[in-house]
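1. let me see the structure of the following:
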Amino acid sequence: MAHITEASERPILKSKVFLYVTEFFSGMSVMAAELGASRLLAPYFSSSQIVWTIIIGTIMIALALGAVFGGRWADRDPNPDKLYMRIMVAAVWIALIPLVGKYLILLISGLLIVTVSTNFLIIAAFISCAIIFVPPLFLLGTVTAGLNKFATTSLEDNASVVGRLSACNTIGSILGTFLPTFVTIPAVGTFVSFLIFSGVLLVIPIVYFISIRARRVACAVSAVIFVATSCVSPLTGFAFWETNLAYEGESIYNYLQVKNLSDRTILSTNVLFGVQSVTMKDKGLTGMYYDTALAAPALADKADSALILGMGTGTYARQLRQYYPDMKVTGVEIDQKITDLAVRYFDEPGDVPVSTYDGRAWLAASREKYDVIMVDAYQDITIPFQMSSDEFFSMVREHLNPGGVMVVNMNMVSDGAGSINESLQTTIANTFNGDCRVGTTYTADVPNTTNRELFAKAPTANELAQYGDCSDASRGTGAIGGSSKPIRSTMHEDMSADSLRAATWNRTNDGALAAYMSEVAGRMTPVADPVAGSTDGSLILTDDKAPVEVLGMRAIDQIIAEEAGPYREILRTEGLGGLLRAVQ
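-> Predicted coordinates for the structure are as follows:
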């Protein structure tokens, strides 16, 4: 058989329709793979903007290289058989991702965690993305240049051909963007979504080769591999080593995992890092940050109402219900699937209304005020930037009743200059202290955890009557009614062990909780007033500049360094054999 050099010798390509169909599904597969990449990496590395940047950047590099080499190959050897073979290889590779991708990620992470001391998540995510996704997307990047070579018959209509190919690619990319996010991933999960789009892409080269009666063995092998991975991949989860999972699934926002232990039930949205919600099976104090956060209703002037931004599985709501049964509790949770799991596995109180909404957007639409507002919103292992800024905390403050208290769960004990906790504490102190109130913001580290609770108190009714809302009226002046003397918040008076214990007992009649609050008072530390110059005001987070993800990565590096330190030492002194013996 003579060497084929022109697409016109292939009957299926003569009308050019098949070329446009190829471009359409190629574009759709590229974007579906990119969305799938974010969901494949998220359970291990989070879905932060940093990880998204790595995914987009890596894939763009692959596509750019594919375009360069695709054009060069099309000029040197304009054989459509080779182009469709590259598409077949790309389709099979994508089909194998749900089967082998998670193992590669864990292998890469395991190697790096004992060798890399900084920027672990960035490096691990980049290498994982490069190894898993660059090869197939490089091959798909060669498609447009090759199709343009085959579709162009004269220079007179060359621009029109390029425009039509570009339109087909763009329309396919649009579908490849919306379908995984809103249809396939919520309905059947990430693994099956990979299989759906790789299967559709695989049909294109198979149809091509069947039409010309060529590469039958390659078509058969590709079909067998696709069927095999389709049968096996959905049977394994992201956390395939876990044996006691009560639930594993996905929502529009998260990978979700429920683990049922003897004394507690755990919700996680990550495999490698982070436990998002824990519920103890025995009533009473949990030994976790929820207990420390119960100081908020004792510190507030009243304890009649509470709002929880980041309801999760409702642990804090249950604690409030137990100790403050008359308190009206409202929850906001962006992920409806988490709310459903809370009802199914975590015994969420049925009389607590939960709105499926972003916390900040909910505040913007609400006029209600509360005595306690709990901010416990996390996106994977980082705080959403829009819920960490001065503007956001100002909104929270406006929704507090006079003397109301905001409590914020800072889920990483990361101290020192440039840490995420320093930035958050400075931002909140700036919002609640203003220029004329001091002593409104305190923190309390939670023993045996990586949690720190921050408490900030709004002006009391007496302060408002005497001085007005000074934190807004005199911001930047350092004066109140012509006086430069700052107001000392009443909050510091409530921070003694006797005061906090007495307030808790008076409102709950619970001796155990009152005794615990006395211990919490001993952990309370005032946050320095940023206006007084004791803290760098440049660290105040705003909607315009809130690098919480970069700051969060530093905190995670610190945690990894502490946890992996002993294993790194074993690797250094005993080699790989010693490390393998240590982890067995």
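2. show the pLDDT at K102.
-> pLDDT for K102: 88.
3. least trustworthy helix or strand in this structure by mean pLDDT?
-> Within the chain, no helix or strand scores below helix 470-473, which has a mean of 49 by mean pLDDT, DSSP states H and E.
4. strands along the stretch 201-350 of the chain, start to end?
-> When assigned using DSSP state E, counting those that start in this stretch, the strands of the stretch 201-350 of the chain occupy the ranges 245-250, 255-260, 264-268, 277-280, 305-309, 328-332.
5. can you list the helices and strands that the fourth one packs against?
-> In this structure, strand 277-280 makes packing contacts with strand 264-268, helix 315-323, judged by 3 or more CB pairs under 8 Å, 6 or more residues apart in numbering; DSSP states H and E. Where you see a C-beta, it was placed from the backbone N, CA and C, and this is true even at glycine.
6. paired strands for it, with orientation please.
-> Partners of strand 277-280 in the sheet, by DSSP bridges, are strand 264-268 (antiparallel).
7. doesn't N451 make contact with M288?
-> Yes - between M288 and N451 there is a contact under CB atoms under 8 Å: 7.4 Å.
8. what about N506, neighbour count?
-> 11 (other CB atoms under 10 Å).
9. name the SS class of it, please.
-> Following DSSP: H, G, I helix; E, B strand; the rest coil, N506 is assigned to helix.
10. tell me the spacing between it and L341.
-> Between N506 and L341 the distance is 36 Å, computed by CB to CB, to the nearest Å.
11. if I pick E248, what's in contact with it?
-> Shown in contact with E248 (CB atoms under 8 Å, 6 or more residues apart in numbering): 237-239, 242, 256-258.
12. of the helices and strands packed on strand 277-280, which approaches W52 most closely?
-> strand 264-268 (20.5 Å; CB to CB).
13. okay, N260: pLDDT?
-> 85.
14. kindly report the same for W241.
-> Per-residue pLDDT puts W241 at 69.
15. now do the strands in this protein.
-> 245-250, 255-260, 264-268, 277-280, 305-309, 328-332, 354-355, 370-375, 400-410, 437-438, 441-445, 452-457, 487-488, 524-526 (DSSP state E).
16. export the ones you listed to TSV and tack on distance to A151?
-> Shown next, in TSV, are the strands of the chain (distance: least, CB to CB, whole Å):
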stretch	distance to A151
strand 245-250	39
strand 255-260	41
strand 264-268	49
strand 277-280	54
strand 305-309	54
strand 328-332	52
strand 354-355	52
strand 370-375	56
strand 400-410	57
strand 437-438	70
strand 441-445	64
strand 452-457	61
strand 487-488	75
strand 524-526	69
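17. ok, which of those comes nearest A159?
-> Comparing the strands of the chain against A159 with CB to CB, the closest turns out to be strand 245-250 (43.0 Å).
18. the helices and strands packed on strand 277-280 into CSV, with extra columns for mean neighbour count and distance to R215?
-> Output for the helices and strands packed on strand 277-280, formatted as CSV (neighbours: other CB atoms under 10 Å; distance: least, CB to CB, whole Å):
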stretch, mean neighbour count, distance to R215
strand 264-268, 20, 45
helix 315-323, 23, 58
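19. who are the contact partners of A361?
-> So A361 contacts nothing (CB under 8 Å, 6+ apart).
20. got the confidence number for it?
-> At A361, the pLDDT value in this model is 93.
21. in the stretch 1-150 of the chain, where is pLDDT below threshold?
-> Residues of the stretch 1-150 of the chain meeting the criterion pLDDT under 70: 1-8.
22. now the helices: where do they sit in it?
-> Secondary structure of the stretch 1-150 of the chain, counting by DSSP state H, counting those that start in this stretch: helices at 17-45, 49-76, 80-113, 120-141, 143-151.
23. next: the stretch 201-350 of the chain.
-> In the stretch 201-350 of the chain, the helices defined using DSSP H, counting those that start in this stretch lie at 216-232, 289-293, 295-299, 315-323, 336-345.
24. right, so of those, which gets closest to E463?
-> Closest approach to E463 among the helices of the stretch 201-350 of the chain (CB to CB): helix 295-299, 14.8 Å.
25. quick one: average pLDDT of that closest one?
-> 95.
26. one more: stretch 264-273?
-> Here stretch 264-273 scores 78 as its mean pLDDT.
27. what about that stretch, distance to the chain center?
-> 13 Å (CA atoms, centre = their mean, to the nearest Å).
28. show me the contact partners of it.
-> Outside stretch 264-273, the residues within contact range by CB under 8 Å, 6+ apart are 42-46, 109, 238-239, 246, 254-259, 274-281, 312-313, 338, 341, 345-346, 380-381, 556, 559.
29. could you rerun that using 7 Å?
-> Applying CB atoms under 7 Å, 6 or more residues apart in numbering, the set of residues contacting stretch 264-273 from outside is 43-44, 46, 109, 238-239, 254-259, 274-281, 312-313, 341, 345-346, 380-381, 556.
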